[in-house]
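[1] Fold the following for me, if possible:
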Amino acid sequence: GIVIVLNLFFNYTISLFYKEPDYNNYITQQIMPINPSSDIAKQEADQQKFQKEQDTYNKAREIYNRNVFMILVILGVISIALGAFLWNEILVLGLSWGGVLSLIISSMRYWTDADNLIKVFILLLALGALVWIALKKFGK
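    Have a look, this model is predicted:
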């Protein structure tokens, strides 16, 4: 339960204080069906304007996803680290695996926007966290 609620808390708190870009704030017009009798130049200009707005929205989403990724990674690492210093086995496991789940969720959110070097970093961080937990729990 701690694993799940911890991540719900992280994600809900982020969404409460850091708002996701709203599509309607970036796109000022809707694409209308092409009318053969209307002005082709106007249709092309409208399409170019829409594409520019769409690109601006996509960039804002990419930045938002990157920032949420970084916040969730930091919270995940803090959770894993806290788990290392606690004496209660349930809290140790809950915080440690909650931190790992936070790393997984952050990676899933950002994976499509991340470049290959960042993907390697994500995988290295997740692997490091799992190895650390394995050594801490089963290395005795």
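[2] how much space between residue 80 and residue 40?
    Using CB to CB, to the nearest Å, residue 80 is found at 59 Å from residue 40. Yep, even glycine has a C-beta here, placed from its N, CA and C like the rest.
[3] Quick check: buried residues in stretch 123-139?
    Residues of stretch 123-139 classed as buried: 125-126, 129, 132-133 (neighbour count, 16 or more other CB atoms under 10 Å).
[4] quick one: that stretch to chain centroid distance?
    22 Å (CA atoms, centre = their mean, to the nearest Å).
[5] ditto for stretch 5-20
    The answer for stretch 5-20 is 11 Å, by CA atoms, centre = their mean.
[6] Then stretch 55-69?
    On CA atoms, centre = their mean, the centre of stretch 55-69 falls 9 Å from that of its chain.
[7] Contacts for it, please.
    Contacting residues not belonging to stretch 55-69 are listed as 14, 18, 20-21, 23, 26-27, 106-107, 109-110, 113-114 [CB atoms under 8 Å, 6 or more residues apart in numbering].
[8] Mark which of those residues are part of helices, please.
    14, 23, 26, 106-107, 109-110 (DSSP state H).
[9] between the residues you listed, which is nearest residue 54?
    residue 26 (7.6 Å; CB to CB).
[10] Quick check: nearest residue in space to that closest one, chain neighbours excluded?
    With sequence-adjacent residues excluded and distances taken as CB to CB, 6 or more residues apart in numbering, residue 26 is closest to residue 57, at 3.6 Å.
[11] Report the secondary structure element holding the nearest residue to residue 23 once chain neighbours are set aside.
    Leaving aside its sequence neighbours, residue 23 sits nearest to residue 57 (CB to CB, 6+ apart; 6.1 Å). Using DSSP states H and E, residue 57 sits within helix 40-85.
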